[in-house]
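> 3D, please:
(3 chains)
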Amino acid sequence: MTTSAPELPDFAPKLRLTQSHADVTRDVVATLQTPSRGYYMLLFGAVALFLVGLLTFLVLVKDGLGHAGYNPPVMWSVYITTFVFWVGIGHAGTLISAILFLFRSPWRTAVYRATEAMTVFAVMTAGLFPIIHIGRQWIFYWLLPYPNARYLWPNFKSPLIWDVFAISTYLTVSTLFLIFGLIPDVAAVRDRVKGWRKFIYGQLSLGWQGTDTQWRHYSRAYLYMAALATPLVLSVHSVVSWDFASSIVPGWHGTIFAPYFVAGAIYSGIGMVLTLLIPLRKALRIEHMITDYHFDNLSKLTLLTGTILFYAYAMEYFVAWYSGNTFEQTTFFRRAFGPMWWAGWTMIICNAFVSQLLWFRKIRTNLTSLFVISIFINIGMWFERYVIIVSSLSNDYVPWAWDNMNPTWADWGILAGSFGWFGMYFLLFARTFPIVAIQEIKEMIPMPRRRAGGGHH
Amino acid sequence: MADEGPTQTLDRRKFLTVLGVTGGGAVALSGCSTSKVEKLVPYLVQSEDQVPGVPTWYASTCTECAGGCGVHVKTREGRAIKLEGNPDHPVNRGKLCSRGQASLQGLYNPGRIKSPMLRSGDSFAEISWDDAIARLATEVNKAAGRVAVLSGAGPGTFSDLLADWTSAAGGTMVRWEPIGHEPIRAASRAVFGIDEVPSHNFADARYIVSFGADFLDGWLSPMEDQRGFAASHGFDGDSARFVSFSPRRDLTGLNADEWHAVAPGSEALVALAMANVIGGAGAAGGSLSAYTPEAVAAQAGIPAASIVRVARAFAAARPSLAVAGGAGNQTRGAVELATAVHILNSVAGNVGRTVLFGSGPTLGDGYEGLARLMGAMDANQVGLLLVHDANPVYALPKSAGFAQRLAKVPFKVCTSLYLDETAAACDLLLPNHHALERWDDARPRPGVVGLMQPVMEPVFQTRHTGDVLLQASQKAGGALARFSAPSYETHLKDAWRSRATGDFDTFWIEALARGGIYPDASADGGSAAATASAPAAGTPALTAALPAFDGDGEFVLAPYPHPFLHDGRGSNRPWLLENPDPVTKLTWHSWIELSTATAERLDIRRGEIVRLISPHGELEAPAFPYPGLHDDVIAAPLGFGHTQYGQFAKDRGTNPLDLVGPPGNATFIPYVSTRVRLEKTGRFKELATTEGNPRQLGRGIAEAMPLDAARRGLTVRQAYIEAGHGKHEINTELEMEAIQGWRDETIEARKLGNYATEHPAWGMAIDLSRCTGCSACVTACYAENNIPTVGEDDVIRGREMTWIRIERYWEDPAPAAHGALDEAGGEHAAEGVTHGHPEARFIPMLCQHCENAPCEPVCPVYAAYHTADGLNGQVYNRCVGTRYCSNNCPYKVRYFNWYKYNERSWPEPLHLQLNPDVTVRGRGVMEKCTFCVQRIRGAQHQARVENRALRDGEFTTACAQACPSDAIVFGDMRDPDSRVAQIRSNPRGYHVLEDTNVRPAVTYLAKVLHPAEA
Amino acid sequence: MRLPIPKRKTVPGVLASFEHIDAATDAIRDLRARGHRDLTVYVSHPNHEIEDAMGHSSSPVRLFTLIGGLTGCAAGFGMTIWMSRDWPVLVGGKPIASIPPYVVIAFELTILIGALSTLFAVALLSLLKAGRKIAYDPRFSDDRIGVFVAARAGDAGALEQSLRAAGAVEVTRAA
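Purely as a prediction, here's the structure:
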């Protein structure tokens, strides 16, 4: 019986879609094999960092927040900075998995699983900070609306309550979205492995068989999840930005904040995606699935968002000058030339300028340069939040109250801990679940036909 | 949160025992000695003067300085918890300075000696009072007439007894105050032939000139002088001009409308030159001829023209007032200075009008007496020395060699409450009761006798020195046997019988209730009972010339008494250490000041540790470049560098007296008599300052307006527009209408639940033309609201908790320089103020209780919310500590508990001072000014009980209550007749940061600036 | 403890396995043409050619999403407004219940409940068919397409024939 070669879609060469469905299944399941020593060393490092953070946190709970570098009027500093940083990281994942899904952009399929996982763990990390940073961590749940002995509901006018709802919604939805997408792949793994693994994956696959009925509801539901996740991701960082924008602090009180923060979030998120994927594809030997084409597209997104940031920075300074508001003017003058000038310029150089290098194709496609740039992006975006928060607070309305803060071991300890916590989960995920979406890759690779042509798109 | 607070250490059993003791009378348990508890039984019959939860007030007299202010002591459940001024008392009229209020921390001080002690080797061993008194008796007998007593106690019955006792024991008593005012008295002798220090009527003076008299930092009679100054200098239609000639600008100098940095020691010459201008060369027996403004100007380093100008204005204004003398200017020429000023006042005709004799403070024997005693000690003529209420080892320059002489005395007895440097060098310690624990009286000045009564059971096993003397006398027998009174209390009563009119017991009770006997406050005008005559000035031989200074250093060292720590006696009290020095805003550590120009010349930065070297010693301290200092002078506060005196004072900073030369045969201590060299160490110290940026950057926080504008009733805004820089209106008419409409709508939408009904609207008005920056309000707030002191490290990190703070801004007279500083906006812009003298603007900053409070909506748990009566409430138990409220507070008046301050700020027994009406906040919650809500509610309850409406002024906040200048007024803004409502409508009134539209409940009245005289 | 799931009874029928998509779709069309309604098709990925062949109407999931979203929105506004009026607390001089800030809450709940009900719908709709045990082959999650036709033992033979003819690489009978 003759078999005609399947007709390939036009983007196939870029994606190197030469393999068969069987190859895909094999290669992806292969990533779940017993990992190398390098992997375990990474994992150990992550757990160690996490323990550092945990220890620091316990000391804070025991003695109070005084150990951190807080120096009134700077009442928020490294913790909130890191909170916003991690929330931001999350956004790239949802953008790629949901928004690009709606745009039907083909290059997302290979990378979206990894980025979506990153999203979930980043938001899990961010979610810890509102608890860590408050003065009485043990009653953080007072922010939730539940019938209580105080006969008091939370204050829904407070941006912090908006945060609670936004972040918890985001965590729930993106987690479900990730798990939902995993089900068919877990089923595929189930059918390839043996023994206790088979049992575990069998339970996790929730009885998925890929029947026409299942696919029928599944595809629809996936579409709607994407449709819901898209406004959600845009809203979450807007809400986070309103933590600042809805205050009256000069340097915070800006209408530009929501789009500015969303762009920054995606920028930082893709930065983190690059930082994670470049080594990962090598480690898992899936270079032929995550290709230059993907990195090229990621770079273009980075360039776009980076340029938006450039504009936002410029606009902040312009408005500060144009408003004629002495408070705004002083704040931004000191942001560039005050005691924290170095942080201010780190942010501008790493975000506004470094991203512009990506105009060059050579740099976009050179993974080494990309990796270096991605590190700059991570640093720059952390500093962006640090500058916005600390430098704005350190010099607002009453000059007599001005003061600067210096981070202490307690600040760095928690920061390190957050990276450990995130890395730990990501590493565990990467070798437990298919880091590349099997079913969606297959969807793009046409099945063999007996007759040439005939297939319709 | 209370459940973490030390107030909880009062368990039920102790609580009952508290009641038990109070049943016995006006005494109570000292919360920390269980041995007492055994003796006490809960009483069955409620005593009428103690109702649990209701404070009992006792009248008493403040003993912190010679002023002799009357105080009311607030006790709760048998413990003193706050000191306030006695409103009837002529000296302080219900006001009390920081030092007076901190007397409470002297009472509960952890550094107190808990029982009598006897030296054994290098340390002390506790002994029983019987043994201690027996020992004293035997030692007195052993000394056989070679007994000497050094006492710092002010004149009073005890002082009399002590003197009497000493002479009976065959010795002599010396009464000595470290910063006495001997030079002024000497001058009075020379000029008027009166052996007295006059009192001054600042209130009536229309023109005030000070030659370094620090009458706002605690000079002769701090409360009285400050009240008088506020009355004359504060604006009420007019304002007296105040000119200061002094090498250093202390707090008094910062309140001057005009400051002249004269060369140290040249003040006398300037005063004489002024007298010369006014009275002509012929005045004062022609002795002034030598002192022409021209001749003097060169020596003083100021233009002759200004001397002439000030002199003319001084003479024109009647009455005027010139004052001089203050430790900070006490050179070897101090007597000449005081003499010159006496002459100046008499040629200007002020004597008898603003300079009053016959009502001045009664001084001790001065340094003369102490020198005599030291001579005797040196010559081994003293077998037993009893030191009472004095700490000469610390308070004298080391070079005076008191310690060495003390060592020569075979047996030394000390009655100090605290283990200070002198006590540590003694053999027998007989700790006295604190003034609040004992019967006593004081005669601060003729016509005023203050009474003290025990307001509570002694905190420790101390004993009244009076009783100790009496009991020892009985043991010793002999000449001392005649001191047979059963107790000092009876001795005191007997001493008072002569004063009684009619039945003694009723008289005594009334005297106790009034806190002594004195002329009615309302009776006399402005100042103390003026039995004043106008003595004619004699013709003293004038030998005023620039005084001599030891050493060959480049700078003259000017040690000055710290406004709170004074000569160092306040250094064991956290309130006084953490409440920033009003001038430098430094806390907790010592420093040296040098002029900003000098600092620039030597490239010495703020906080750089420098070494000062004099022929007599050296010290290291961080530098504070200060724009209010003569370029050749280095100033340093007294009070630091204790080697004893409890955990708070010990080893804290350095003491400038170590550099000062011996007084020699001077009749007073010439504090400013040494030249010092300065060396850089290259090391730095982060200063524990509460000062952020001392520049207003044109933000109109502490506003001011010219005198004539104020006279014409202009508003601040109008004054601005007149001066040519008015703010332009951002909104158009239409927009304003829309905004108003929107506002009315919101106000409607608020009317729900408790907010639907009418309530008072609490508000405050603060008159910056009266505020002198003395910071008494800050201490009062610490006392009333259980505010923790956070210590040096946390102050460095800006974590001080003062609910009310005094901001001190520099306003540069040269606008150009001002602009430049605006640009830079540097943290330490004050360093930049070198050319021209910056004007100091003080503004008390506290929670403004905004109507549209930005702190409220951002709180996720309603911990910050608005009460129906307009308070900006803060519910500690709800607070989870997000600190967003503080970020969003434009005034930055919210304070966060970073650590468990409640567990570390009140080491036993300091926690006994806590006010039971106010929660002690736990770690992790935000706190802030509450407008003393506990006082508001208390008054409201009282009114309800008496079934009447609340009366305006029947209560007020702690800060307003304490303010010696009466700058703060509190009340219901909604009541049109209330004082606060009327003051708020004053044209000078303005709101800080009005443009933020937060609608504060605190109105400030702009400061009034005197124009430069032509 | 045993879950109250009804004992799943095995459905008798024929299970065919295809390698070629066009063969599979032809077979499906043919079977449906011949009146076989009880078909189950297995495939490793969402494949619209098969969907067309099966001629399914679009899933009712969207209805759940819509209802969930609207419920969330209503809940958001209802909760915030009621809770702020339940104990009126004045903050920042704003109205006790001020709508603008509550929009955020309402929005987030719209998304949350919308998403939850969507997934709930999938679970529910899939469970409707979970009552029966239908033959399955692990390769269907790899590169094979499976077509199961419920049939009584009598018709099975004919079916096998036709399926082989349609290009099934493997045909087994499930009883």
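
> CA atoms for contacts and neighbours, from now on please.
Will do.

> give me every residue that touches the closest residue to residue B:172 other than its chain neighbours.
Nearest residue to residue B:172, sequence neighbours excluded (C-alpha to C-alpha, 6 or more residues apart in numbering or on different chains): residue B:148, at 5.3 Å. Listed by C-alpha atoms under 8 Å, 6 or more residues apart in numbering or on different chains, the contact partners of residue B:148 are B:166, B:171-174, B:373, B:382-386.

> Helix or strand: which one has residue B:148?
strand B:147-151 (DSSP states H and E).

> what is the mean pLDDT for that strand?
Strand B:147-151 carries an average pLDDT of 92.

> separation between the residue nearest to residue B:172 and residue B:182?
22 Å (C-alpha to C-alpha, to the nearest Å).

> for the contacts of residue B:148, which one is nearest residue B:860?
When those are ranked by distance to residue B:860 (C-alpha to C-alpha), residue B:386 comes first, at 63.2 Å.

> residue contacts, that closest one?
B:147-150, B:412-415.

> Among those, which one has the most neighbours?
For those, the largest neighbour count, defined by other C-alpha atoms under 10 Å in any protein chain shown, is 30 neighbours, found at residue B:414.

> Identify the residues contacting that residue.
So residue B:414 contacts B:386-388, B:422-423, B:426-431 (C-alpha under 8 Å, 6+ apart).

> host element of residue C:14?
strand C:13-18.

> Is chain A within reach of that strand?
No: using C-alpha under 8 Å from any C-alpha of the partner chain, strand C:13-18 never reaches chain A; the gap is at least 10.2 Å.

> Please export the C-alpha coordinates of that strand as PDB.
Output of strand C:13-18 as PDB, limited to C-alpha atoms (Å, rounded to 0.1, in the frame of the first residue of the first chain):
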ATOM      1  CA  GLY C  13     -18.300  -3.600  18.700                       C
ATOM      2  CA  VAL C  14     -15.400  -3.300  16.200                       C
ATOM      3  CA  LEU C  15     -12.200  -1.200  16.700                       C
ATOM      4  CA  ALA C  16     -10.300  -0.200  13.600                       C
ATOM      5  CA  SER C  17      -7.000   1.600  13.600                       C
ATOM      6  CA  PHE C  18      -5.900   3.900  10.800                       C
END
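
> Just say helix, strand or coil for residue 95.
Looking at chain A here, since you left the chain open. Here residue A:95 is recorded as helix under DSSP: H, G, I helix; E, B strand; the rest coil.

> Oops, wrong one, chain C.
Applying three-state DSSP: residue C:95 is coil.

> can you tell me which residues contact it?
By C-alpha under 8 Å, 6+ apart, the neighbours of residue C:95 are B:746-750.

> I'd like to know how far the nearest residue to residue B:303 once chain neighbours are set aside sits from residue B:260.
Closest residue to residue B:303 apart from its sequence neighbours, by C-alpha to C-alpha, 6+ apart: residue B:297 at 5.6 Å. Distance of residue B:297 to residue B:260, given as C-alpha to C-alpha: 11 Å.

> Between these two, tell me which one has more neighbours.
More neighbours surround residue B:260 than the other of residue B:297 and residue B:260, with 25 against 22 (other C-alpha under 10 Å).

> mind listing the strands for chain C?
Residue ranges of the strands in chain C, as given by DSSP state E, are C:9-10, C:13-18, C:39-42, C:132-133, C:145-150, C:170-174.

> Tabulate these (CSV), appending mean pLDDT.
Shown next, in CSV, are these (pLDDT from 0 to 100):
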stretch, mean pLDDT
strand C:9-10, 78
strand C:13-18, 90
strand C:39-42, 90
strand C:132-133, 79
strand C:145-150, 89
strand C:170-174, 86
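
> To residue B:972, which of those strands lies closest?
strand C:132-133 (79.3 Å).

> contacting residues around residue B:211?
Applying C-alpha under 8 Å, 6+ apart, the residues near residue B:211 are B:244-246, B:267-268, B:271, B:322-325.

> Who is it paired with across the strands?
Bridge pairing for residue B:211 (DSSP bridges) gives the partners residue B:324.

> Quick one, grab the pLDDT at the residue in the stretch 451-600 of chain B positioned nearest to chain A.
Nearest residue of the stretch 451-600 of chain B to chain A (C-alpha to the nearest C-alpha) works out as residue B:585 at 11.1 Å. Note on residue B:585: pLDDT of 94.

> ok so, going back, would you list the buried entries among the contacts of residue C:95?
The neighbour-count test (16 or more other C-alpha atoms under 10 Å in any protein chain shown) marks B:746, B:749-750 as buried among those.

> ok, and of those residues, which contact chain C?
Applying C-alpha under 8 Å from any C-alpha to the buried ones among the contacts of residue C:95, those adjacent to chain C are B:746, B:749-750.

> Show me those residues that map onto helices.
Counted as lying in helices by DSSP state H, out of these, are B:746, B:749-750.

> all strands of the stretch 501-650 of chain B, in order?
B:516-517, B:555-560, B:592-595, B:608-614, B:617-626, B:633-637 (DSSP state E, counting those that start in this stretch).

> List the strands paired with the second one, with their directions.
Note on strand B:555-560: by DSSP bridges, its sheet partners are strand B:633-637 (parallel), strand B:674-684 (antiparallel).

> helix, strand or coil for residue B:692?
Under three-state DSSP, residue B:692 comes out as coil.
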